[in-house]
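*Asks:* Sharing a model prediction with you, sequence too.
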Amino acid sequence: MKHMIVVVKFVPRTLLMTPERRRAIWAIYVWCRRTDELVDGPNAPHITPTALDRWEARLEDLFNGRPFDMLDAALANTVNKFPVNIQPFKDMIEGMRMDLRKSRYKNFDELYLYCYYVAGTVGLMSVPVMGIAPESLASTESVYNAALALGIANQLTNILRDVGEDAQRGRIYLPQDELAQEGLSDEDIFSGKVTDKWRNFMKKQIKRARMLFHEAEKGVKELNASSRWPVSASLMLYKQILDEIEANDYNNFTKRAYVSKAKKLIALPVAYVRSLVAPSTISSSHRN
Ligand SMILES: CC(C)=CCC/C(C)=C/CC/C(C)=C/CC/C(C)=C/[C@@H]1[C@@H](COP(=O)(O)OP(=O)(O)O)[C@]1(C)CC/C=C(\C)CC/C=C(\C)CCC=C(C)C
Ligand SMILES: Nc1ncnc2c1ncn2[C@@H]1O[C@H](COP(=O)(O)OP(=O)(O)OP(=O)(O)O)[C@@H](O)[C@H]1O
Ligand SMILES: [Mn+2]
């Protein structure tokens, strides 16, 4: 009889765990998408800093249990169930403010901050939902650092892929000092010619993005088993965009690097097998 109670109580809970996490990630995704749409979508020309202030007030309301609409309610539900902090959400809105007032980045420090705001934050929002594996001995801090690295790596990759597209909107996200070091200027980007200077510049940028992906990979195996493989799959797919930029001989002015359907399909089972790797169980730093 006692066993029966354990089974009845335990089994539904574990069965629920994954769909519950999935719905929570979905709610976070929808909120991020809507935030991004404010500055990227069809209404973008009308978006003022005041509109972003209103969006932030709505965010605070939903964290306080007063959601404005159904989609906000999904996120309100998520933040009730998981220990999600409001700060990365506020920071993402700050990133959108930054995008409104800024179209050039002096150096990598400035670009890094922008990437943290718009994408590193996604990693910080997701970890409390995906959860760290109970058997993992990695420090909480190291897992958050990996999640942060994945967001930054994704955003840098996105920037490297979209150089031409962004230039058409008058935006150059690449670090100005690093462009200058290669003897490149804004004009070179607007004219969009693939030269050896450009190839050299791109090689360095790709190398940095790959280092960040590598940093992120170390964290994936510390996540809860059910969260590992979707993260691993999205990491592999995004990282491959860098390979495609190389395959396009660094022409990211007029060609959009994309990963083919076939390659995407291959990534899925590979990610799945990788997700079976157990978390680190020998570590000097214990979870705090
Ligand atoms: C399983 C999984 C990957 C979960 C994350 C899902 C989620 C909440 C995504 C939100 C993404 C979003 C809409 C962000 C808004 C800002 C933005 C547009 C950022 C860029 C994404 C790509 O956007 P875009 O639509 O322009 O791209 P396409 O042109 O359509 O290709 C970004 C480049 C960054 C998004 C950042 C992430 C997905 C970071 C994910 C990090 C984790 C899930 C942490 C993993 C944990 C460890 C320990 C490694
Ligand atoms: N992340 C989400 N995305 C979409 N819909 C959601 C999400 N979370 C909850 N919902 C919807 O909201 C409604 C209530 O959900 P749920 O039963 O999980 O909440 P609850 O039982 O009120 O919360 P709790 O279990 O914290 O008391 C359901 O119709 C559910 O489908
Ligand atoms: Mn984009």
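*Replies:* Done, it's in. None of these values were measured; they are calculated from a predicted model. Ligands and ions are numbered 1, 2, ... in the order given.

*Asks:* The residue nearest to Glu217 when sequence neighbours are not counted - how many residues pack around it?
*Replies:* With CB to CB, 6 or more residues apart in numbering as the criterion, Glu217 has its nearest non-adjacent residue at 6.7 Å, and that residue is Leu235. Using the backbone N, CA and C atoms, a C-beta is placed for each residue, glycine as well. Residues within reach of Leu235, counting by other CB atoms under 10 Å, total 21.

*Asks:* Please point out which parts of the strand or helix carrying Leu235 sit buried.
*Replies:* With secondary structure defined by DSSP states H and E, Leu235 is part of helix 225-247. Neighbour-count burial for helix 225-247 flags 225-233, 235-236, 238-242, 244-245 (criterion: 16 or more other CB atoms under 10 Å).

*Asks:* other SSEs contacting that helix?
*Replies:* helix 2-40, helix 140-161, helix 196-220, helix 261-275 (3 or more CB pairs under 8 Å, 6 or more residues apart in numbering; DSSP states H and E).

*Asks:* Could you name the helices and strands sitting against the second one?
*Replies:* Helices and strands in packing contact with helix 140-161 are listed as helix 108-115, helix 121-130, helix 196-220, helix 225-247; criterion 3+ CB pairs under 8 Å, 6+ apart.

*Asks:* again, only using 6 Å
*Replies:* helix 121-130, helix 196-220, helix 225-247 (3 or more CB pairs under 6 Å, 6 or more residues apart in numbering; DSSP states H and E).

*Asks:* contacting residues around that helix?
*Replies:* 115, 119-120, 122-123, 127, 132, 173, 205, 209, 212-213, 215-216, 218-219, 222, 238, 241-242, 257, 287-288 (CB atoms under 6 Å, 6 or more residues apart in numbering).

*Asks:* Ligand 1 next: which of the residues you listed are close?
*Replies:* Contacts with ligand 1 within those, counted by CB under 6 Å from any ligand atom: 119, 122-123, 127, 216, 219.

*Asks:* wait, does the helix or strand hosting Gly95 contact ligand 1?
*Replies:* Element membership for Gly95 (DSSP H and E) is helix 87-101. No. Against ligand 1, helix 87-101 shows no contacts by CB under 6 Å from any ligand atom, the least distance being 6.8 Å.

*Asks:* what's that helix in contact with?
*Replies:* Helix 87-101 has contacts (CB under 6 Å, 6+ apart) with 35, 39, 52, 56, 59, 114, 117-118, 121, 124-125.

*Asks:* let's go with 8 Å and repeat that
*Replies:* Identification of contacts with helix 87-101 by CB atoms under 8 Å, 6 or more residues apart in numbering yields 31-32, 35-36, 38-39, 47, 49, 52, 55-56, 59, 63, 113-114, 116-118, 121-122, 124-125.
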